[in-house]
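Asks: build me a model from this:
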Amino acid sequence: MRRLKIQDSELMKIAVQQEILRSGESRYDHRLHGILLACSGKSSYEIAELFNQSPRTVQYWIQRFEKNGFAGLSDNERVGRPSAIDTDIQQTIGKDLRKSPRDFGYHQNLWDGKLLSFHLKKQHKVILGERQCRRLFHVMGFRRRKPRPLIAKADPAEQLRYKKTPAVSSEE
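Replies: Got it, this is the predicted structure:
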């Protein structure tokens, strides 16, 4: 039987490794294959060379499999810093962001990170920086809107004449 060849094998090897790292499911499958090779008598060094991992990583996979079975091959929940905003406050913020800042007595028409930071501190006693507030907009599904600049002393008729596409009237 002929040996199989893949075009640009080095490039494809890197692409496959990146694909494995992309999702938890593929990392789990990758570790399963490592265990399968260990069951076939391969050493952690041989498996590590095949998988482009360190031998110690492969040994960790095997130890976790021996101790916890298949569940030991899954990625554990990664614990991070606890959120400063609990779900109740997050729901309240979502309702607040759907209203105009003027409803709360602010002098802006649109929410931004700086205003949300001030609002959280004033209303909920939560201190978040502007950057975290902008990230919170994204997490909650809001997108940033910027007001269009108005040209001082501009003639509206002249602006309409200058536009490339005519305004569609509602009478048509």
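Asks: CA only for contacts and neighbour counts going forward, please
Replies: Noted.
Asks: number of residues surrounding residue 93?
Replies: A count of neighbours around residue 93, defined by other Cα atoms under 10 Å, yields 21.
Asks: contacting residues for it?
Replies: Shown in contact with residue 93 (Cα atoms under 8 Å, 6 or more residues apart in numbering): no residues.
Asks: in the strand or helix carrying it, what counts as buried?
Replies: Per DSSP states H and E, residue 93 falls inside helix 87-97. For helix 87-97, the neighbour count (16 or more other Cα atoms under 10 Å) marks 93, 94, 96, 97 as buried.
Asks: try stretch 121-136
Replies: 127, 128, 130, 133, 134, 136.
Asks: out of those, which are inside helices?
Replies: Counting by DSSP state H, those place 130, 133, 134, 136 in helices.
Asks: just for the protein, where's the confidence low?
Replies: 147, 166-172 (pLDDT under 70).
Asks: mind running it again at 50?
Replies: Filtered on pLDDT under 50, the chain yields the residue ranges 172.
Asks: spatially central residue for this protein, please.
Replies: residue 139 (8.6 Å; Cα atoms, centre = their mean).
Asks: identify the residues contacting residue 49.
Replies: Residue 49 neighbours (Cα under 8 Å, 6+ apart): residue 55.
Asks: and the helix or strand harbouring it, what's buried?
Replies: Counting by DSSP H and E, the element that carries residue 49 is helix 44-51. By neighbour count on 16+ other Cα under 10 Å, the buried set for helix 44-51 is 44, 47, 48, 51.
Asks: ok now it, how far from the chain's centre?
Replies: Distance, stretch centre to chain centre, for helix 44-51: 32 Å (Cα atoms, centre = their mean, to the nearest Å).
Asks: repeat that for stretch 121-133.
Replies: For stretch 121-133, the distance to the chain centre is 21 Å (Cα atoms, centre = their mean).
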